[in-house]
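>>> below is the sequence, then the predicted model.
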Amino acid sequence: MRAILQRVSSASVSIDGILTGKIQKGLVLLLGIGIEDKPKDVEYVIDKCVQIRIFSDENGKMNLSVQDVNGEILVISQFTLYGSTRKGRRPSFNRAASPQQAKPLYQLAVERLRQHNIHVVTGSFGADMEISLVNCGPVTLTIDSES
């Protein structure tokens, strides 16, 4: 499982021009699910996202988690995180999970985030979405359960 985390001051998701979700201070979590991923991968990635200290404390040091700052999370499913560009000019998505395999794990990830008492907003699994965000820092990190 791969996650791209972006620390944001605000973010939103729209589908077909209609705003479907919006957050203020928090994280945008782009979540890619691979063919070998299991619930244990969800647990690892989500716990890491919730606990990682990437928000500034009173001394300006990255010492606080999204929970510590009462932040929100916008979660977007993104199979393209498993795109390979090694050969040719068209990405290969052979390592990305099928929608039938990925959707339950995506839903589990959202559920696990909500168990941490974090306000969670999502896109729509498999939809063509437009994401707007203000990356704060900028701070962008990759979390990979395979690493």
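That came through fine.
>>> low pLDDT regions in the chain?
Applying pLDDT under 70 to the chain flags the ranges 147.
>>> one more pass at 90, please.
88, 126, 146-147 (pLDDT under 90).
>>> quick one, helices of the chain?
39-51, 99-115 (DSSP state H).
>>> same list, those helices, but as a markdown table with mean neighbour count and distance to G71 please.
Quick note: C-beta positions are derived from backbone N, CA and C, even for glycine. Converted to a markdown table, those look like this (neighbours: other CB atoms under 10 Å; distance: least, CB to CB, whole Å):
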| stretch | mean neighbour count | distance to G71 |
| --- | --- | --- |
| helix 39-51 | 18 | 10 |
| helix 99-115 | 17 | 11 |
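>>> go through these and name the closest to M1.
helix 39-51 (4.1 Å; CB to CB).
>>> please state the offset of the closest one from the chain centre?
11 Å (CA atoms, centre = their mean, to the nearest Å).
>>> over to stretch 3-23?
So, by CA atoms, centre = their mean, the centroid of stretch 3-23 is 11 Å from its chain's centroid.
>>> any chance of JSON lines for the helices of the chain, columns distance to T140?
Putting these into JSON lines (distance: least, CB to CB, whole Å) gives the following:
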{"stretch": "helix 39-51", "distance to T140": "13"}
{"stretch": "helix 99-115", "distance to T140": "19"}
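>>> T122: which of these is closest?
So among these, helix 99-115 is nearest, using CB to CB, at 5.8 Å.
>>> quick one: distance of that closest one to the chain centre.
11 Å.
>>> go on, stretch 41-56?
10 Å.
>>> that older thread, between the helices of the chain, which one is closest to S9.
Nearest of these (CB to CB): helix 39-51, 17.8 Å.
>>> what distance do you get for D47 to V121?
20 Å (CB to CB, to the nearest Å).
>>> err, Q100, not the other one
24 Å.
>>> nearest spatial neighbour of D47, chain-adjacent residues omitted?
Spatial nearest neighbour of D47, excluding adjacent residues (CB to CB, 6 or more residues apart in numbering): R112 at 7.9 Å.
>>> count of residues packed around the residue nearest to L29 when sequence neighbours are not counted?
Nearest residue to L29, sequence neighbours excluded (CB to CB, 6+ apart): V75, at 4.8 Å. The number of residues packed around V75, counting by other CB atoms under 10 Å, is 24.
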